[in-house]
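Engineer: give me coordinates for this.
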Amino acid sequence: MAGDLLAGRLELHKVLRLAIEGFFDVVTADPAIYGFIFRSIRTNDKGLFDNALVRSLDKRFALLAGMLAPDADPDLVHVAAHGTFGFALAAIESWLPTRTPSREVLIDVLTDALAAALDSAATHRR
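Structural biologist: Next up is the predicted model:
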């Protein structure tokens, strides 16, 4: 049983890391263009994360979370996803000027944070 849990945890980490690396690459490829696009796609005053990009990412994350944490409350996953997305975005944007710690270390930390959020959401049922 412990082996199955460890294997599931490693698979969760692998999938989340790939997703975070992809997001990291989008943000860092051209920060000025990314910033312009991200900030200009807001359609109302509900908040920074109420835009087409985040809604698209949210749908993808909901599918991913459903596979990786099927017992998690979808509403809690939604809130945790927005929180970790904001955390990841702020972390990447604050990393850009100095690029320290290393990209790999930052991605490890972001992966751990997102995995912990999913794990927590799976333990708190409705």
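Engineer: next, the buried residues of stretch 69-80.
Structural biologist: Burial within stretch 69-80, assessed by neighbour count using 16 or more other CB atoms under 10 Å, is assigned to 69, 72-73, 76-78, 80. C-beta here means a position set from N, CA and C on the backbone, and glycine is covered the same way.
Engineer: need the max-distance pair from the residues you listed.
Structural biologist: Spatial extent of the buried residues of stretch 69-80 (CB to CB) is set by the pair 69 and 78 at 12.3 Å.
Engineer: what sits against residue 92?
Structural biologist: Neighbouring residues of residue 92 by CB atoms under 8 Å, 6 or more residues apart in numbering: 23-24, 27-28, 106, 110.
Engineer: output these as TSV; include the columns neighbour count and distance to residue 122.
Structural biologist: Converted to TSV, the contacts of residue 92 look like this (neighbours: other CB atoms under 10 Å; distance: CB to CB, whole Å):
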residue	neighbour count	distance to residue 122
23	17	22
24	19	25
27	19	27
28	15	30
106	19	25
110	24	19
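Engineer: show me what the host helix or strand of residue 63 is packed against.
Structural biologist: Assigning secondary structure by DSSP states H and E places residue 63 in helix 52-68. For helix 52-68, the elements it packs on are helix 2-29, helix 74-95, helix 103-123, judged by 3 or more CB pairs under 8 Å, 6 or more residues apart in numbering; DSSP states H and E.
Engineer: of the ones you listed, which is nearest residue 36?
Structural biologist: helix 2-29 (12.4 Å).
Engineer: where does the protein have low pLDDT?
Structural biologist: Within the chain, the stretches with pLDDT under 70 are 1-10, 37-55, 125-126.
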